[in-house]
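Trainee: model the structure of this input:
(chains A and B)
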Amino acid sequence: MALLAAAALVACACLWYLVRPPRTVGEYRQEAHQTLASLASEVATARMWADHLDRGDAPLTTTRLGLAEMESDATEAVRQFEAYQPPVGAASVRARVSGLGGRSVAALAQLRIAARSGRPEEVVRRGRDLRGLSRDLEAATRAVAP
Amino acid sequence: MSTSKVFSFTLGTLSAIGGFIDIGDLVADALVGARFGLRLAWVTVLAVIGIMCYAEMSGRIVAVTGRPAFDLARSRLGPRFGLVALVGSFLVTGLLVMAELSGIALSFQLVTDISYLFWVPLAAVLVGIALWALPFEILERLYGVIGLAMLVFVVAVWQLHPDWGQMWHSATTVRPTAGETWPVYAFLGVTLIGAQMTPYEMFFFSSGGVEHRWGPKSMSEMRTNVLVGFPLGGLLAVAIQAVAYLVFAPAGIEVEHLSQTALPVVVALGKVGLAFAVVGIFAATFGATMETLFATGYDIAQYFGWSYGKVQPPAQAARFTAVTASLLILSTALALTTLNPIRVTIVAVVFSAMLLPLGLFPVLLVGNDHSVMGEFRNGRLANTLGTATLALSILVALVAMPLLVWTRGGSG
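Mentor: Numbers count the residues shown, from 1 in each chain, chains lettered A, B, ... in the order given. Take a look at the predicted model:
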């Protein structure tokens, strides 16, 4: 019985560790870093799909799916980060991540809308326009690293 | 070589493509390649050697005794050990059936952009029809051969014109890349072991041998299946890691979707490459769905002593057929709950890694039993490799859960 209770306690502690929010500025910056790295990855993937649509390598149907998945992941990453209570002294980090997160989600949504509306030229053009956003995300990822 | 001779090796090809390259591997290999390049390719090499050793052992047991290894092991180790292994295996393999079924649906989604949830019931119906109507040999030949389309990942490596020196350097470096940590490196290594050395591969391979009615004269056929099939699976796994490394690592891309696994093939070979990749992914996940379903059916039927097998008409193995059909329906319902199949797979393969010793130990025990195996008992090589693999699996089982928690599922 005692063994079972101990196992249950360990399981609860593990579950808590897996879902606990960041409490310190260091942990919060770590979350910010991961969120920005994830956004940079999603934007880079979207650019790759758009680029290969332009070259005629990728069909529009699969590109549409790839772009929609990247938008969905970016939305989820930003939503999850914004749900954390920022510790004292981390407001600027939150503002930076939220700003870039909003830009990323909006840009990816525009790409997805263009793809689903059957406008491949617009997908290609908007894909090229993501270069600046990619640079900003990479710079911010480095800047917030704990 | 005659056509029938060529087709006699399709059990190994199906075991390799459906077992080695399933939905877990398709994502885990791309994820590992993007984050660590080929620095975990050595894990795949170990997994290939380990699974070959145990598949050969369980195939040899079938050829000598006409009974699967686990059936014999239960009578040696008692029903309690058998029940623990059965329950553990049932829970993990049940989760994997759901993930593989979702994998078939995801392959349809790749070419239609219609949500995979729409395709899940259709995939279940297709699997059900195939299980009910198609003979075992046709099934394994069909999916073993279609699954060869996965070789497009190997072609893509060449087409991406890699720096071979850099690839070799990456493959021979056993440490995490800059910015990554040792615990994450170890966790993804455990994930690869769990994805590539699944006990259901052995259940399927040995029970498939019973279906083929292997006898002592079938040793060379069985060994050729092992020697061709599993290294082929390993080659495909390393190729997926390599293309992800070449395309994603320079762009800092993290892999979370099946569409991303196919993207390097698009980059290398365009639409034709994508078509091959989708066909290969469909065959691999379809094969894995059948393997996991059969393995669970075999496992339960053998434990309770029911008649089983695909070579018999479904009515003559009614309880075996009912178990596989029920699991298919249950998995379809689970897949429709919108649980993320990729995340479910990653968790399932970690649990699978934890249960691995329970699957390996009985095979080693029976393979070494002189009273059962006679002159065909394990030789020195089989025992050395088998013991080393078992030791590795125990280590992996012990560290899998702490690493899962510590790294928060590999996120850092």
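
Trainee: what residues does chain A have near chain B?
Mentor: Taking CB under 8 Å from any CB of the partner chain as the contact definition, chain A meets chain B at A:14, A:17-18, A:30, A:34, A:37-38, A:40-41, A:44-45, A:48-49, A:52, A:55-59, A:61-62, A:64-66, A:68-69, A:73, A:138. Where C-beta positions appear, they are placed from N, C-alpha and C, glycine not excepted.

Trainee: any quick ChimeraX command for the buried ones out of the residues you listed?
Mentor: Selecting only the buried entries of those in ChimeraX, with 16 or more other CB atoms under 10 Å in any protein chain shown as the criterion:
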select /A:30,34,37,38,40,41,44,45,48,49,52,57,58,59,62,64,65,66,68,69,73,138
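
Trainee: so which elements touch the helix or strand containing B:E140?
Mentor: Element membership of B:E140 [criterion: DSSP states H and E] is helix B:136-146. Judged by 3 or more CB pairs under 8 Å, 6 or more residues apart in numbering or on different chains; DSSP states H and E, helix B:136-146 is in contact with helix B:10-14, helix B:199-211, helix B:258-304.

Trainee: can you do 10 Å?
Mentor: helix B:3-7, helix B:10-14, helix B:116-133, helix B:199-211, helix B:258-304 (3 or more CB pairs under 10 Å, 6 or more residues apart in numbering or on different chains; DSSP states H and E).

Trainee: can you tell me the closest non-neighbouring residue to A:P59?
Mentor: Closest residue to A:P59 apart from its sequence neighbours, by CB to CB, 6 or more residues apart in numbering or on different chains: B:K271 at 5.8 Å.

Trainee: hey, what's the angle from the longest helix along chain A to helix B:258-304? Just curious.
Mentor: Counting by DSSP state H, the longest helix found in chain A is helix A:25-54. On the basis of axes from the mean of the first three to the mean of the last three CA atoms, to 10 degrees, helix A:25-54 is oriented at 110 degrees to helix B:258-304.

Trainee: average model confidence for helix A:25-54?
Mentor: Here helix A:25-54 scores 94 as its mean pLDDT.

Trainee: for the residue in the stretch 101-250 of chain B that chain A sits nearest to, give me its contacts.
Mentor: Per CB to the nearest CB, B:D113 is where the stretch 101-250 of chain B lies closest to chain A, at 4.5 Å. Applying CB atoms under 10 Å, 6 or more residues apart in numbering or on different chains to B:D113 gives the contacts A:59-68, A:115-116, B:259.

Trainee: these in helices, which ones?
Mentor: Residues of the contacts of B:D113 located in helices (DSSP H): A:L60, A:T61, A:T62, A:T63, A:R64, A:L65, A:G66, A:L67, A:A68, A:A115, A:R116, B:S259.

Trainee: for the residue nearest to the third one when sequence neighbours are not counted, give me the pLDDT.
Mentor: With CB to CB, 6+ apart as the measure, B:L110 is the residue that lies nearest to A:T62, at 5.8 Å, once sequence neighbours are left out. With respect to pLDDT, B:L110 scores 93.

Trainee: show me what the strand or helix carrying B:R76 is packed against.
Mentor: B:R76 is part of helix B:69-77, with elements assigned from DSSP H and E. Other helices and strands packing on helix B:69-77, by 3+ CB pairs under 10 Å, 6+ apart, are helix B:41-65, helix B:79-112, helix B:199-211, helix B:258-304, helix B:341-367, helix B:370-373.
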